[in-house]
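Engineer: Okay, sequence plus prediction incoming.
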Amino acid sequence: MRSQLSRNEQGDCARKEPFFVVPLFHPAISGFTFVFHHTFLNHLGPFVYQKKVNKSRTVRHGFPYQPSSMAFDPVQKILAIGTQSGALRLFGRPGVECYCQHETGAAVIQLQFLINEGALVSALADDSVHLWNLRQKRPAILHSLKFNRERITFCHLPFQSKWLYIGTERGNIHIVNVESFTLSGYVIMWNKAIELSSKAHPGPVVHISDNPMDEGKLIIGFESGIVVLWDLKSKKADYRYTYDEAIHSVAWHHEGKQFICSHSDGTLTIWNVRGQGKPIQTITPHGKQVEDGKKPEPCKPILKVEYKTTRNGEPFIILSGGLSYDTVGRRPCLTVMHGKSTAVLEMDYPIVDFLTLCETPYPNDFQEPYAVVVLLEKDLVVIDLAQNGYPIFENPYPLTIHESPVTCCEYFADCPVDLIPALYSVGSRQKRQGYSKKEWPISGGNWGQGTQSYPEIIITGHADGTVKFWDASAIMLQVLYKLKTAKVFDRNRSKEDKGSTETSDEDPFAIQIMAWCPESRMLCVAGVSANVIIYRFSKLEVTTEVLLEVRMQYELNDIESPEGGGGGGEHSSAHPTPGASPQTSGPPSHPSTSSNNSDGGNIPCLNTPLKQSPGYQVDLVVQLVWVSGEPPQQITSLALNSSYGLVVFGNSNGLAVVDYIQKTVVLNLGTVELYGSNDPYQRQPRSPRKTRQPSGGNEEMGYEGHLNFFQPQITEGVFGIFVSTASALGCYKSFKPTVHCLFISSALCHPDVKPKQGTSRTTYNTTYLNAKDNSFSRSRSSSVTSIDKEAKEAVSSFHFSESFARKGDSTLTPCLYVGTSLGTVLALAVTLPPAGEQRQLQPVIIAPTGMLVRVKGSIMRMAFLDSTGALVPHAYEPWFEPNVTADGEEREKVRKRRPVSVSPSTSQDLNESQYAVVCSEKQAKVISLPSQTCIYKHSITETSFILRADVVQMSQGACVACFCANGHIMTLSVPGLRPLMDVNYLPLTDMRIARTFCFTNLGQAMYLCSPTEIQRITYSQDICENLQEMLGELFTPVETPEAPNRGFFKGLFGGGAQSLDREELFGEIAAGKASRSLAQHIPGPGGIEGMKGAASGIVGDLARARIALDERGQKLGELDERTAAMMASADSFSKHAHDMMLKCKDKKWYQF
C-alpha cells in the first residue's frame, strides 16, 4: 500500500501520458559516427514522461584501439587513423576530433586523402573501398566499391587526380574514378608488366606511385622484388628492376630520376630510372661493417622508407625496422638518415606506420620535411626534424588514458568553478621538459561554438596505482593532474616480500574504488591490496615525517574465557595474537611475537620522510593485513563525507569507519552485528576451519572479541558499538565477523594511540567484480547451501545523509546508510562533536539503529529526497589550505573557516518528511521517512541485473538512471518510479564496460568502450539542442599552394613535369567498361538524402538551407543537361534538314 504523498507529488503522479520505448541508434548499423557516437536521449524531468528520443552521437576520447593505417592532408593539416575494427579517427587542432565507423567492422588497411578536397578514401581488409565526405560535421560514406574476385593490397591516389590506382593480391592494377566510384576498363595485368621470359608470379602489388616529373609513368612494386616502370600511354613496361630480396616499400626522389626500395633483408637499394642493371647504391643501415666484397649480415626487414629532399641541404631517408637480429630485447626504432648522420630513435611500442610531413603537397618540388608522425600500437609520436636531437612535440590529444590499464572511473558534472584551474595549476608542474618549442603541426579544422559551460571532470584509476584527473568540459578532454598512489608504499620491501609469497599480485597498487568530494577536494582511493588512502589537496609542498604505524588486529581464538570481556576490563586470550607488533614510535602496548602469517602479503608503507609536491598529499593510510596466513578480502564499497570527517569502507565481512580528522578508527563491525537481534536470517556462528572444542564459557556466542577504537572508553549499545566520553581506554565483548585487521599509517597520528588485541570469527569471501579476471562472482550461487548464501553478506554501498535515524524521529541527524549484497539497507546514527577544537578532541559516536528496508538483489545506490521531491545534496566542508605556513591573520582565517559545513537539508522544518530512494540490481523502492513505509516499488528487471545505478540531478529535477547487463539503459522518475526510458543501447560484451560505466548529473554517462578509449553518452535535451553548435568543423576552405615554378629553361626545353590527361586514357570512351562481376558499386548513405534532418537548431536551419541550395543546384544542373540535350537534338535536326535540302535542291518537282 502506498502512503499519502504531498499535493505536489499527487498532482504530478496523476498525469496519464503514454510511455514509448524507443530503440537507440545502434553502432553496428550506424555506418559512421562523429566524435559523437551512439546516442543522445531526451531530457528527463522528475515527474515527466518521455515523449520522444533524440538520436545523436556522443564524444569518444582516447587513443584509437589497435591502429592499422594512417594518412595526412598536408593542406588541411588533418590526420586520419584507421583501426583493425573498421573505425576511423580524424584529428585536427587540439579539441577537433572525429570518429567514424565502417559498417562491416573490417580492418582498415590503407587511407588516402583527396588533398584539400574534404574527402577520404579508405580500403578495408574485406576488399571494399569507401569514399568519405568530410565537408560536413558528421562525415558520411558517399560511395563504396566491393571487389568480388581480387583482394586489395595497395592503393594510390595522385595529387589533384580523380583516378585511384588499386593493386591486388594477384598482381593486377585496377583504376577507379573517385567521383563516380566506377571502375575503368583500363587494367594493368601482371603478366604484361613483368618480362615474358619470367615464369614465376611476381606476387602481390606492394607499391604504386607515379613519377613526380612524368604523370604518364607509373612505378609498380611487386612483393617478390620486381619493380616495373609502366608507361600508361603506350600500355607497356619501359623498364624493369630486379632484386633478390622481397620489397616492402618504394619512394621517389622529387626529381623523378631515382627511387629507393626497402627490402626484407634490412637493405635499402637506390636505383636510377634509366638504369636497368644493378642498383647504384645498396645500404644496410643497421648492418655490421664487413670486409669489401662480402655481403653484410642480414637484418630485420625495413618495413617502410621515405625519401625527402631539402632545398639547402642533404636529403632525409627515414625508415622503420631494419635492426640487426642480434639486438635481442631492443625496442622498436625509427631511423633518420640525414647526410652523414644517422639517428636511431627508440619507441616504446611497435611501429604501425609513419608519415613525413612536408611543406609542399607537390611531389615534384623540394619536399622540405619538418616533422615525422609515428603511429605506434599504443601511442602517437610526432618528431621535430628541424631541431637538433629531433625532439618530440608535446601531444595535446588525450591519448594517454591507457598509459596504465584503466581499472575504474568516476564522472562528475557541474563541479565548483575553481576546481579545474586549481588542478591545472598543480598538474602543469608535472609536465616533462625537453619538448619541441614549435606549435603542434596537426592544426586543421575549427572548434565548435557550443554554449555548454559547466565544469566536468573525469577521474580514472589505473593498474599501476595512478589516478588521473581530466577536464571533460563541453566535448573536449584534457589531462589536468596525475597522482601516483604507489609512492606511499615501500616498493623495494614489497618486492623482497613477493619472493616468499606464493600469491604475489601483478598489479598490487591497482585502484579499485574511488570516492571524491569536489567541494572539499578530499579524495579517497581503495586498492586491490585492501588498502585505503585518504588525500587532502594542498597548493604548498610539504615533507611528511616518519609514518606512525598503528595496528588493530583480530584473530580466531578457539578457547574462550568465561570471565573475560566485561564492560571495561581487560580480556585475556588463551592464545597470543600472531604478528601483533609495537608501534614504530611510542611504547608498545603488547609483547611482540613474530609470525609471517599475519601480514605476509601486505605492501609495507614507507617509514622515511616523504616529500609531497603541491596537489594531492597523503593524509592517512588504512590497510587490512593478513591473518593466520589468509589474505584480507578486497574492499567492495567506499564512501567519504568531508562535513563529518569520516571515511567508511566495507568488504565481504563487514565495515569500518575511520575518522580522518582524529586519525582514529571509530567503528569496526561485521554485517551481522548491524542487524543485532533483528537479523532476518538468524545466522549461527560457523567456521569452515577445523577448531578445537571450547573448554567452557558461553557456547551460544561462540567467539569473544575485543575492539580497539583508538578512543576513550567504549561501551555496549543495543545493536553494536558506540563510543562514550570517558577517559580510560576500554574494550567491548562482541561477536566479530569483521575485517581482519586495520593497519593505519599517518604522519599526524596522536601520540597517545595504543593498539589493543581482539578476536574475530572466520571471515567469508564474496567479491562482486574482479578487475583482474574480468568476471562476476555471485554470492548467491546455486552451488552453495542456503546457510552459506545467507552468511556471505557483503557490504555493497554506503550513503551519508542528514535524515531520520529511527522510525518516528522528529529531527534530522547525520546518518550512515549501509546497503548489503542481500538487499538490506541498515541505518547508523552518527553523533559528531561540536565544530572547532572540540571536533579534534571529542570522539565521534556511531550506533546502529536497525534495518530500513529490504529489496530484491544487491543494493546499488541510495539517495534522499526532500518533501518536494528534490534531491538532497550531500553535506560537505569547503576546501581550505591544510598546510598554512604564515602566522597571525592567515592562520586565524583558516581556523575560522575549517568548521564550516554546507548541508541544505538542515534548513528543513522539523515536521517535514523525506523520501529514501533505494535501487538494487533488481528493483527500486521509495521509502517515506520517518515512518519508514514503502510508498513506491518498481521491478526494474527480472531476467538480468543492474550493473550501475545512480540517482542523478537533471536541469529540472532528478531521476534514477540504470545500466543493465543485457545492454538496456533505463531511467525512472522519482519519487514515483515511473519508467521514462528503456532503450537497448549496448550489450555487455566485455567486463571492462561493467567496471567503468558510470552516470553523472545533468544527464551524462561514460564507459570504456575499448582498453584505450572513453565513450561518453548523454540523455540531456539541452545537450541535444546544442550538439550541432558544439561539433567542430573538420574541413575549412584553404587555398591550395601554387605549383612550383618550372623556370625559364625548363619551360623552354621541356624539362619540367609532364602532365597527363588521365580522362582521355581511363575514360569509358578510350578504355571501355570494366567487367561487372569484378566489383559491385554500393551507394553510400552520405548523400543529400542522407543529410536531411540531421541537424537541429540554428545550424540545422543553415544546413537545411544549404541542402535546399544543393538540391536547387542539382535541378539547375539537370536543366542545363536537358537544355544541352535539346540543343544537340536541334543541331542534329538542323544538320539533317540541311542534308535533305542539299539532296533535293537540284531536283525538279516531278522527280519527287
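Structural biologist: Thanks, I have it.
Engineer: okay but residue 187 is in contact with residue 171, surely?
Structural biologist: No - under the criterion of CB atoms under 8 Å, residue 187 is not in contact with residue 171, lying 11.4 Å apart. (C-beta placed from N, C-alpha, C; glycine too.)
Engineer: Neighbour count: the two, which is higher?
Structural biologist: Neighbours were counted for residue 187 and for residue 171 using other CB atoms under 10 Å; residue 171 has more, 24 against 16.
Engineer: Identify the residue nearest that one in space, chain neighbours excluded?
Structural biologist: Of all residues not flanking residue 171 in the chain, residue 190 sits nearest, at 3.0 Å (CB to CB, 6 or more residues apart in numbering).
Engineer: Around the one you found, count how many other residues there are.
Structural biologist: Neighbour tally, residue 190, other CB under 10 Å: 21.
Engineer: pLDDT weak spots in the stretch 901-1050 of the chain?
Structural biologist: 901-912, 1046-1050 (pLDDT under 70).
Engineer: picking up where we left off before, for the residue nearest to residue 171, give me its contacts.
Structural biologist: Residue 190 makes contacts with 170-172, 201-202, 222, as judged by CB atoms under 8 Å, 6 or more residues apart in numbering.
Engineer: can you tell me which of the residues you listed are in strands?
Structural biologist: residue 222 (DSSP state E).
Engineer: Next up, phi/psi of the residue nearest to residue 171, please.
Structural biologist: As for residue 190, its main-chain torsions (degrees, to the nearest 10) stand at phi -60, psi -30.
Engineer: Can you give me the distance of it to residue 237?
Structural biologist: Distance, residue 190 to residue 237, using CB to CB, to the nearest Å: 11 Å.
Engineer: Ok, residue 884 next?
Structural biologist: 82 Å.
Engineer: quick one, phi/psi of the residue positioned nearest the centre of the chain?
Structural biologist: With the centre of the chain defined as its mean C-alpha position, the nearest residue by CA atoms, centre = their mean is residue 1014, 2.8 Å away. Note on residue 1014: backbone dihedrals following degrees, to the nearest 10 are phi -100, psi 130.
Engineer: circling back to that earlier point, take the contacts of residue 190 and write them to TSV, including distance to residue 619 and pLDDT.
Structural biologist: What follows is the contacts of residue 190, written out as TSV (distance: CB to CB, whole Å; pLDDT from 0 to 100):
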residue	distance to residue 619	pLDDT
170	68	93
171	69	93
172	70	94
201	71	89
202	70	91
222	67	95
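Engineer: closest to residue 381 among the contacts of residue 190?
Structural biologist: Closest to residue 381 out of these is residue 222 (31.5 Å), distances taken as CB to CB.
Engineer: can you pull out the helices in the stretch 51-200 of the chain?
Structural biologist: For the stretch 51-200 of the chain, applying DSSP state H, counting those that start in this stretch gives helices covering 190-193.
Engineer: can you list the weak-confidence ranges in it?
Structural biologist: For the stretch 51-200 of the chain, the ranges with pLDDT under 70 are 51-57, 197.
Engineer: how about a cut-off of 80?
Structural biologist: Filtered on pLDDT under 80, the stretch 51-200 of the chain yields the residue ranges 51-59, 196-199.
Engineer: So which residues of it form strands?
Structural biologist: For the stretch 51-200 of the chain, the strands defined by DSSP state E, counting those that start in this stretch occupy 58-62, 67-73, 78-83, 87-91, 97-101, 108-114, 119-124, 128-133, 140-147, 152-156, 163-168, 173-177, 182-188.
Engineer: Residue 1008 is nearest to which of those strands?
Structural biologist: strand 58-62 (8.3 Å).
Engineer: angle of that closest one against strand 97-101?
Structural biologist: Put simply, strand 58-62 runs at 100 degrees to strand 97-101, going by axes from the mean of the first three to the mean of the last three CA atoms, to 10 degrees.
Engineer: Which residue ranges of the stretch 401-550 of the chain form helices?
Structural biologist: Under DSSP H, counting those that start in this stretch, the stretch 401-550 of the chain gives helices at 419-427, 491-499.
Engineer: Give me the buried stretch members for the first one, please.
Structural biologist: Counting neighbours by 16 or more other CB atoms under 10 Å, one finds that the buried residues in helix 419-427 are 419-420, 422-423, 426-427.
Engineer: Please apply the same query to stretch 528-537.
Structural biologist: For stretch 528-537, using 16+ other CB under 10 Å, the buried residues are 528-537.
Engineer: centre of the chain versus that stretch, how much separation?
Structural biologist: Chain-centre distance of stretch 528-537: 23 Å, with CA atoms, centre = their mean, to the nearest Å.
Engineer: In this structure residue 507 contacts residue 486, no?
Structural biologist: No - shown here, residue 507 and residue 486 do not form a contact pair, counting by CB under 8 Å, at 10.0 Å.
Engineer: Now do the shared contacts for those two.
Structural biologist: 464-465.
Engineer: between the two, which one's more packed in?
Structural biologist: Neighbour totals were compared for residue 507 and residue 486, and residue 507 leads with 18 against 15 (other CB under 10 Å).
Engineer: For the residue nearest to that one when sequence neighbours are not counted, give me its contacts.
Structural biologist: Once flanking residues are discounted, residue 507 sits nearest to residue 463: 4.2 Å by CB to CB, 6+ apart. The contact partners of residue 463, by CB under 8 Å, 6+ apart, come to 404-407, 507, 509-511.
Engineer: Counting neighbours, which of these comes out on top?
Structural biologist: With neighbours taken as other CB under 10 Å, the top of the contacts of residue 463 is residue 511, carrying 27 neighbours.
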